[in-house]
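Enquirer: Below: sequence and its predicted model.
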2 protein chains.
Amino acid sequence: MVTPNRESDIFAAISHPARRRILDLLVETDRSVNALAGDFQMSRPAVSQHLRILLNAGLVTERRQGRERHYRLVPERLAPVREWISHYERFWDDRLQRLQEHLLRGEDQ
Amino acid sequence: MVTPNRESDIFAAISHPARRRILDLLVETDRSVNALAGDFQMSRPAVSQHLRILLNAGLVTERRQGRERHYRLVPERLAPVREWISHYERFWDDRLQRLQEHLLRGEDQ
DNA sequence: ACTATAGGTAAGCGATTGCTTACGAGTAAA
DNA sequence: TTTACTCGTAAGCAATCGCTTACCTATAGT
């Protein structure tokens, strides 16, 4: 059985540089598999396999259009990474962190 | 030859939940290997191996004190993660992102 | 000098990763 | 209806991961 929403899968998914680059490419716009594969040395099936890992992690969605499949970024799924790293923000920028916390408190309450 | 400062090693290092937990524990204070291992089910050598990966990634440093080795967090080494994830911040908080950019511009110039 | 403790490291293992090539299904174009 | 194109998936593979147990060195305590 597949357990969705596993935070670990997100971190594992972004651990490979090719998968981070795929996400970076999808920031601009949706892309077909071939359009993505054009940016890589590796074979097209290899890109497909990376896309499946991203899909399983919920970091992208797939939309079929004719014989193409367009992949779209789901940036909200990166939230666990952002939340985890935010624990450490005070170490490199106390001032900004306090400001952020102030703003977030203001929004939540 | 070991190529230091490889961003990829950082993402790989934090991809394992045990290693993220080790870092989380080291936020509070430095810890010896046994002090860390006490928080895990796995054997002490397994923890040592995780620590070596974190050490190779530069995410921790080691300080020998008597027969103990104390590990200390090097939070600056998480910067690549923070920078990468910050590309996506606008997706979940446009307002805060613009404010951050404004502040960073103000600091750099 | 013994004994105990802290912790690194090697060997070995099963599982997983990351790629390749080969093939098949589905859609589009001729 | 052929032919071409897009893409997923299976099989196979070498390499790496994550763990264990066994063993070693170094320091501390008696």
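Expert: Received, thanks.
Enquirer: Tell me the predicted confidence for the spatially most central residue of chain A.
Expert: Compute the mean C-alpha point of chain A, and by CA atoms, centre = their mean the closest residue is A:Leu59, 4.7 Å away. Reading off the confidence values, A:Leu59 has pLDDT 97.
Enquirer: which ones are touching it?
Expert: For A:Leu59, the contacting residues are A:Ile10, A:Ala13, A:Ile14, A:Leu23, A:Leu73, A:Val74, A:Arg77, A:Leu78, taking CB atoms under 8 Å, 6 or more residues apart in numbering or on different chains as the criterion. Placement of C-beta: from N, CA and C, glycine included.
Enquirer: go with 10 Å
Expert: For A:Leu59, the residues meeting the contact criterion (CB atoms under 10 Å, 6 or more residues apart in numbering or on different chains) are A:9-10, A:13-14, A:19, A:22-23, A:26, A:51, A:53, A:71, A:73-78.
Enquirer: Same question for A:Arg31.
Expert: Listed by CB under 10 Å, 6+ apart, the contact partners of A:Arg31 are A:22, A:25, A:37-39, A:51, A:60, A:68-73.
Enquirer: how far away is it from chain B?
Expert: Per CB to the nearest CB, to the nearest Å, A:Arg31 is found 16 Å from chain B.
Enquirer: Pull out the buried positions in stretch A:76-93.
Expert: A:Arg77, A:Leu78, A:Val81, A:Arg82, A:Trp84, A:Ile85, A:Tyr88, A:Glu89, A:Phe91, A:Asp93 (16 or more other CB atoms under 10 Å in any protein chain shown).
Enquirer: how about it against chain B, any contact?
Expert: Yes. Stretch A:76-93 comes into contact with chain B (CB under 10 Å from any CB of the partner chain), by way of A:76-79, A:81-93.
Enquirer: any idea which helix or strand carries A:Arg64?
Expert: Using DSSP states H and E, A:Arg64 falls within strand A:60-65.
Enquirer: From the contact counts, what lies against that strand?
Expert: With contacts defined as 3 or more CB pairs under 10 Å, 6 or more residues apart in numbering or on different chains; DSSP states H and E, the secondary structure elements packing on strand A:60-65 are helix A:17-28, strand A:31-32, helix A:44-56, strand A:68-73.
Enquirer: Tell me which of these is the most buried.
Expert: With neighbours defined as mean count of other CB atoms under 10 Å in any protein chain shown, those peak in mean count at strand A:31-32, which reaches a mean of 19.
Enquirer: and the helix or strand following that one, how far from the chain's centre?
Expert: Moving toward the C-terminus from strand A:31-32, the first helix or strand encountered (DSSP H and E) is helix A:33-37. When C-alpha coordinates are averaged (CA atoms, centre = their mean, to the nearest Å), helix A:33-37 and its chain have centres 17 Å apart.
Enquirer: can you redo the helices and strands packed on strand A:60-65 as a markdown table with mean pLDDT and distance to B:Val33?
Expert: Conversion of these to a markdown table gives the following (pLDDT from 0 to 100; distance: least, CB to CB, whole Å):
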| stretch | mean pLDDT | distance to B:Val33 |
| --- | --- | --- |
| helix A:17-28 | 97 | 30 |
| strand A:31-32 | 98 | 46 |
| helix A:44-56 | 98 | 33 |
| strand A:68-73 | 98 | 40 |
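Enquirer: nearest to B:Ser32, of the ones you listed?
Expert: helix A:17-28 (33.6 Å; CB to CB).
Enquirer: so what's the closest residue in space to A:Tyr71 that isn't next to it in sequence up against?
Expert: Distances taken as CB to CB, 6 or more residues apart in numbering or on different chains put A:Val60 closest to A:Tyr71, at 4.7 Å, once the chain neighbours are dropped. Residues counted as contacts of A:Val60 (CB under 10 Å, 6+ apart) are A:13, A:19, A:22-23, A:26, A:30-31, A:51-54, A:70-74, A:77.
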